[in-house]
Structure formats: C-alpha cells, structure tokens
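Participant: Please work out how this folds:
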Amino acid sequence: MSLPSFDAQGSLFGSVSVVARGLFGEGDRYRLFAERIWPVIAGTREQLSQCYCESNGRAAVEPVLLLGVLIFQFLERVPDRAAVDMVKYHLGWKLALNVDLQAKGFHSTTLVGFRQRLIDHDQAQIAFAAVLEALQSAGLVPKKGKQRLDSTHVLASVTRLSWLECIRETLRLALEELADRLPDEDRPGFWNLYWERYVESRLDYKSSDAVLKDKHRQSGADTLRLLQWLEPLAVESREGRQVALLRRVFAEQFELSTQSELRPVRVHATGAVKSPHDPDAQWSAKGRSPDRKEWVGYKVQVAESIPDEPVQKGEPSGNFLTSMVTQSATESDDAGLQAVLEQQEDLGLEIPQELYVDTAYVSAVGLAAAKTEERELLGPARLSPRNHRGFRSEQFDVRVEQRRAFCPAGKESTQCSSLRVGKTNHVDYRFEWSTHCRSCSLRKKCIGSRQPHRTLVVSQHHTALQKRRREQTSEVFRTRMHRRNGIEGTHSELIRRYGLRRTRYRGKAKANLQNQFIGTACNINRWLHVMAWELSRSADESASGN
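Facilitator: Sure thing, here's the model as predicted:
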C-alpha cells in the first residue's frame, strides 16, 4: 500500500469550534491532546512510512491517524468497531486526531492490519518511545533519576486446557489445515476416521480417568501415525503452521521407549504448549500453596519514574512509565530487570541512580553489578536457607575479599577453598571450621550430631549481599523503601483502567504491542492531568493577581 499525503496541522480546530463552540475549553482533554500530544504522534510519520511502499498500490489510511486511534482505544478502552465509530461520530476524537468533519470512516479490519504492520516492522514501541521522549523534553522524566520496578501477570485470551484437550485440539487444527491443502484423492486411508474422531466429535468430560488416559494414548498414537504419513510429502504440504505446532505438542507430551513403545511423558518441560490457540502462552505460578496464583499467559515488567520532590496535596502525579517489557510467564524477574535496563537504554534513558524493587530482583550478582555501575539497587534480599540447627549464613561474619569468615561463636575459619560453578565462570567459596567445632558451646545449635564440623558456601559477591541483609533491618532502610509502594497502585491503574490483566490478542508479539499501547495511554493520561492542573493553577494565580 502507498501512503497518502499528510498535513500535520490541518484546519480541524477551527471547524470543530464552529460546530461545537464552547465544548472544548482550554483545559479540555481532547483540546489538550490536539494541541500538545497530536504533534508528538505526527512526528512519528517518517518512522511509520517504513511500514509502507512509497508508491505501490492503493493509498492506505493515514498511519498517523491509525496510531492515534490505537492510543485512544486504550485511553477510553473500546474495541476496534467502536473505535472506528468514535472517529466518525465523536467530536472530541475528531478534534484530538485531526480528522475532518466530513471525512468518511474506514473498516475496523484496517486496525488489525495496521497492528500487524507495526509488529512486522519492529515498531511496537513507536508510540511509547515518542511520548516518553516528549516527556523528557518537557522536563517531566529525567534521563537519569529514581525509578521503581515490579512485574505482574497477564492472562492469555485462551481457555486453560488439559494435556488431553491440548493434543486433541492441536490435532483438529492440523487436520483442518491439511484439508485445505490436500485434495480428496491425496488423503490417507485413515483420514475419514481421524476427521470423525477429532473434528466432528467432542470429548466426553464425564468419562472415567482410565478412559481419558486411554484417549490420551490414542491421540498420541494417531498423531504419530499422521506425522509419519506426512514425512515423504512435499514441503508445502507437510510444513504448515498447525502441522509444525502438532509436532511440537507431540514431542512435549509423548516419548518413545527403547522398545519403540509410545507413552506420555511423566514431567512436562517448562514452556510446554498449554493451548494451540496461543502457543506462546505458558503456565506459571507465584507463591506457595494454598494461596499461590496460577495462570496461563505472560508477565510484564513495569518501570516508573519517581520525582525528586514529593507531590503536594492536590497536585497530579509526577510519575510516568519508563518501560514496559513483556516476558514469558516462566521468565524470572532477575532477567526482567536486565531487559528493562536494556530497553531504557534504547529509549534514550540512562541507568537510574536509584531503582526500588522487591525481593525477587535482589541477588548477590545484581547488587555487585549495581555497585560497579555506580547505581543503587534498593530492595530487601532474601534470607539465606535456614540450617537445620538454626544459624543462617548472615549470622556469620564473612569477608570474601580477605578469604576470612567468623562463626557466631567468634571462631575464624581455618580453611577456605574456591569452587567454580559449571560453565558460568561463577566462583563460590567454601569455608570450614574443623577443630573449633569439637568443644564449641554452640555446636548443638549449629551442626547435626552426625556432622564433624560446620561448613559454609557463599558467592564471590557475598559481601554486598551480607551488607544488604543487615541494613534492611534498619528503620532508615524501611523508610527509603516506602518509595517502592506506589508501583502497586500503578499496577492497579493499568489493570482496572486500561485492561492490562488480560490480553486482547493472541501471541507474545501482539501481547507486547498491547502492553506498549497501555503504557502509552497511561503516560498520556497522566500528562493531560498535569497540563490541566498547570492551566488551572495559572488561571488561579492570574485571578488572585488581579
């Protein structure tokens, strides 16, 4: 598709004012969007043009307009068809998005194609990056300041299936895909049986466990037979998307014994497909039974700026989102922290001076890295595993750099050896107390009856971890950590107002696109509140001056 001509300014404001005079005052959010934020969105035109051919095919709907519509979808939480109607009939949307009063609408599927264009051309962050850059230029987000970070889970837009349901549904989709590719004369002899069994029939959930297990084995055997039949066929017939997914699901759920006996796997691998309708969605759990949270979907890391000065009563929030990173549900927060820092670097931000997090982000390696980069990673560290007799590692005075350690009884270790861990090049240190333990008064509290003496293994970065475990008990540290608490309110806002908890679309790429637009909408909404508050304050000052 080719691009139409584009006028970033237009003449809409005057025409809307004529039709609806007095509707849009200086502090109106649609007018503020048109005056302050629309130019920022229009500034992405050059980047958006990379998603289109310059002069090939019929003219497309203006991409800047489509980008603005996607933003307003999340600002006002409306689906595609309602968004198209709002562009056509809503004066506020027309004003904000620079749409002519007489302009004809477009079909809602245009938004579907535009979202896919953004994904295909790696432009998912285009709106978020543009708004964040504008906030930096306005002095509302410092390039290097204080931030807080936390993750929350996102539910995929699929039903959670059992392993039997998953393999049967995947097989059904593969058969339907093959039906479109293979003419009747090229289909195998068992085709009608499979079609009746997996496409036309439905599973009886009231069957006994034994029957359901037999059906699971049968599904695996039928899948294996189909995949073996497909092997000698042409690539275009056997390499469809659903057939490839069927191979993956079969490999995750079944294994062949040494006697070529097919049997279900006992332990499923991390990241196994839970639903063929969204293979990227993974099962994960947080917490411990019985209160743990389980979900199938994704995880999103949310980073937010913290102003240097506390916000006064009645003043709008000075916090803005600086990063939205979508992860697989099984990825760790530690990996998410690194992804957030990398994304912020791509967005033109420097590493935050102070980053407030919870326990999941704090580790010996992370604290050491923060110290090297001259920044603070502020969050409580997990306590070390409790020894069966009671003394944790933090009750020992360990000086890794000096290769010295003192036990709770004040005895210095007589032996220290280094241990290289696997291929990671990570080094641990093992301290031992040999002769000191024989007559120690704390022996019964420290080691078991069958142990000759106490040993302690710590990381090469244990000094930073030991320091954090000690300082986190102080009142000063607890007071500083109050700044982290606001991220919970931000999560609540993103979930309740913008729909962060559940994906609208399927697939990790589209889930990430959704999260980027949610972050953009949140930043714009907060920015509009700041603009309206500044106008109100200026009006009050002018009135009091008179």
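
Participant: Do a quick rundown of the strands in the stretch 51-200 of the chain.
Facilitator: Ranges of strands within the stretch 51-200 of the chain are 146-155, based on DSSP state E, counting those that start in this stretch.

Participant: The stretch 351-500 of the chain now?
Facilitator: 354-356, 376-378, 397-399, 404-406, 415-421, 426-433, 454-459.

Participant: Over to the stretch 201-350 of the chain?
Facilitator: For the stretch 201-350 of the chain, applying DSSP E, counting those that start in this stretch gives strands covering 254-256, 262-264, 282-286, 293-306, 321-328.

Participant: Mean pLDDT lowest where, among those?
Facilitator: Among those, strand 282-286 has the lowest mean pLDDT, at a mean of 86.

Participant: who touches it?
Facilitator: For strand 282-286, the surrounding residues in contact (Cβ atoms under 8 Å, 6 or more residues apart in numbering) are 153, 160, 270-272, 274, 292-299, 328-330. C-beta coordinates here come from the backbone N, C-alpha and C atoms, glycine included.

Participant: do stretch 86-93 as well
Facilitator: Identification of contacts with stretch 86-93 by Cβ under 8 Å, 6+ apart yields 16, 19-20, 23-24, 28-30, 65, 69, 72, 76, 78, 94, 97, 99, 103-106.

Participant: Take the strands of the stretch 201-350 of the chain and lay them out in JSON lines including distance to residue 416 and mean neighbour count.
Facilitator: Formatted as JSON lines, the strands of the stretch 201-350 of the chain follow (distance: least, Cβ to Cβ, whole Å; neighbours: other Cβ atoms under 10 Å):
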{"stretch": "strand 254-256", "distance to residue 416": "45", "mean neighbour count": "15"}
{"stretch": "strand 262-264", "distance to residue 416": "48", "mean neighbour count": "14"}
{"stretch": "strand 282-286", "distance to residue 416": "38", "mean neighbour count": "18"}
{"stretch": "strand 293-306", "distance to residue 416": "38", "mean neighbour count": "22"}
{"stretch": "strand 321-328", "distance to residue 416": "38", "mean neighbour count": "24"}
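
Participant: out of the ones you listed, which comes closest to residue 178?
Facilitator: The closest approach between residue 178 and any of those, judged by Cβ to Cβ, belongs to strand 254-256 at 20.1 Å.

Participant: Report the distance from that closest one to the chain centre.
Facilitator: Relative to the chain's own centre, strand 254-256 is displaced by 33 Å; criterion: Cα atoms, centre = their mean, to the nearest Å.

Participant: in this structure, which segments are predicted with low confidence?
Facilitator: The chain contains residues with pLDDT under 70 at 1-21, 54-59, 289, 386-390, 422-424, 545-546.

Participant: May I ask you to name the longest helix in it?
Facilitator: When the chain is parsed with DSSP state H, its longest helix is helix 508-545.

Participant: Show me what it is packed against.
Facilitator: Here helix 508-545 touches helix 29-32, helix 63-75, helix 109-120, helix 126-137, strand 293-306, strand 321-328, helix 486-498, going by 3 or more Cβ pairs under 8 Å, 6 or more residues apart in numbering; DSSP states H and E.

Participant: Using TSV, please lay out the ones you listed together with distance to residue 339.
Facilitator: Shown next, in TSV, are those (distance: least, Cβ to Cβ, whole Å):
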stretch	distance to residue 339
helix 29-32	33
helix 63-75	22
helix 109-120	18
helix 126-137	15
strand 293-306	7
strand 321-328	5
helix 486-498	17
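
Participant: now for those, which one comes closest to residue 381?
Facilitator: Nearest of those to residue 381, taken as Cβ to Cβ: helix 486-498 at 18.5 Å.

Participant: Could you export that closest one as CSV, keeping only the C-alpha atoms?
Facilitator: The C-alpha atoms that make up helix 486-498 are tabulated as CSV, following Å, rounded to 0.1, in the frame of the first residue of the first chain:
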residue,chain,number,x,y,z
GLY,A,486,3.5,3.3,44.7
ILE,A,487,4.1,0.8,41.9
GLU,A,488,1.3,-1.4,43.3
GLY,A,489,-1.1,1.5,42.7
THR,A,490,0.2,1.8,39.2
HIS,A,491,-0.4,-1.9,38.6
SER,A,492,-4.0,-1.4,39.8
GLU,A,493,-4.5,1.6,37.5
LEU,A,494,-3.1,-0.3,34.5
ILE,A,495,-5.3,-3.3,35.2
ARG,A,496,-8.5,-1.6,36.1
ARG,A,497,-8.5,1.3,33.7
TYR,A,498,-6.5,0.0,30.7
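
Participant: how far does it sit from the chain's center?
Facilitator: That offset, for helix 486-498, works out to 14 Å (Cα atoms, centre = their mean).

Participant: Now do residue 62 against residue 68, distance only.
Facilitator: The gap separating residue 62 from residue 68 is 9 Å, by Cβ to Cβ, to the nearest Å.

Participant: Looking at those two now, which is surrounded by more residues?
Facilitator: residue 68 (25 against 21; other Cβ atoms under 10 Å).

Participant: what about the residue lying closest to the more buried one once chain neighbours are set aside, neighbour count?
Facilitator: Spatially, and ignoring its direct neighbours in sequence, residue 68 is nearest to residue 97 (4.4 Å; Cβ to Cβ, 6 or more residues apart in numbering). Neighbours of residue 97 under the rule other Cβ under 10 Å: 26.

Participant: which residues does residue 97 contact?
Facilitator: Listed by Cβ under 8 Å, 6+ apart, the contact set of residue 97 reads 38, 65, 68-69, 72, 87.

Participant: 10 Å - rerun?
Facilitator: Contact analysis of residue 97 by Cβ atoms under 10 Å, 6 or more residues apart in numbering lists 10, 12, 30, 33-34, 38, 41, 62, 64-69, 71-72, 86-87, 90.

Participant: Phi and psi next, for it.
Facilitator: phi -100, psi 10 (degrees, to the nearest 10).

Participant: Give the buried residues for the longest helix of the chain.
Facilitator: Of the residues in helix 508-545, 508-528, 530-532 count as buried by neighbour count, 16 or more other Cβ atoms under 10 Å.

Participant: measure residue 219 to residue 227 for me?
Facilitator: Applying Cβ to Cβ to residue 219 and residue 227 gives a distance of 12 Å.

Participant: Of the two, give the one with the bigger neighbour count.
Facilitator: residue 219 (26 against 16).

Participant: And for that one, nearest residue in space, chain neighbours not counted?
Facilitator: Excluding its sequence neighbours, the residue lying closest to residue 219 (Cβ to Cβ, 6+ apart) is residue 167, at 4.6 Å.

Participant: Straight-line length of stretch 360-374, end to end?
Facilitator: For stretch 360-374, the separation between the terminal residues is 21 Å (Cα to Cα, to the nearest Å).
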